[in-house]
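Undergrad: Here's a sequence, model it:
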Amino acid sequence: MSDIKIISNLQTLKKNLGSEDGESSIAVLEWEHLCSLSDKKINLGFYGIYLIIDRCGKLLYGTNVYQYDKDSIAFTAPGQIMKLTDIPQGEIKGTALFFHPSILDGSHLAKKYANINILPTPFITVSA
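TA: Sure thing, here's the model as predicted:
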């Protein structure tokens, strides 16, 4: 497991990407900033919503490879181990929204799923 880069909070993510704009429970980043995480196994401690406007490379999760078409949306949950590969240089277009799980505390969604002991679907994708 030592080859897995653990990014447990948004401040660490922003620091790894060269931005230190203070503490926050939410971060919005352009895909081009995520290139530095390419070819590394990462474990994010927060949720991610990815708007993929154009090609973004491949995402490895477990033994599966996901390649997203343009105009797709993908979602990830905390604790999922993934690896971004084959990211095309200069062709990446899209935005990622990351948010800490505490944002859901006290919400209807959190209450609904509080007593369910199943893992979330690894990656949910919606394509146009």
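
Undergrad: Show me what the helix or strand K14 falls within is packed up against.
TA: K14 belongs to helix 10-16 when elements are defined using DSSP states H and E. The contact analysis (3 or more Cβ pairs under 8 Å, 6 or more residues apart in numbering; DSSP states H and E) places helix 10-16 against strand 26-30, strand 94-99. All C-beta spots, glycine's among them, are computed from the backbone N, C-alpha and C.

Undergrad: Determine the set of other helices and strands touching the first one.
TA: It stands for strand 26-30. So strand 26-30, by 3+ Cβ pairs under 8 Å, 6+ apart, packs with helix 10-16, strand 94-99.

Undergrad: and that strand, C-alpha only, in CSV?
TA: In CSV, the C-alpha atoms belonging to strand 26-30 read as follows (Å, rounded to 0.1, in the frame of the first residue of the first chain):
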residue,chain,number,x,y,z
ILE,A,26,-15.0,22.8,-1.2
ALA,A,27,-12.5,23.1,-4.1
VAL,A,28,-13.1,23.6,-7.8
LEU,A,29,-10.2,22.8,-10.1
GLU,A,30,-9.7,22.7,-13.9
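
Undergrad: Let me have the helices and strands packed on strand 26-30 in TSV, adding mean pLDDT and distance to S72 as columns.
TA: Formatted as TSV, the helices and strands packed on strand 26-30 follow (pLDDT from 0 to 100; distance: least, Cβ to Cβ, whole Å):
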stretch	mean pLDDT	distance to S72
helix 10-16	84	21
strand 94-99	88	9
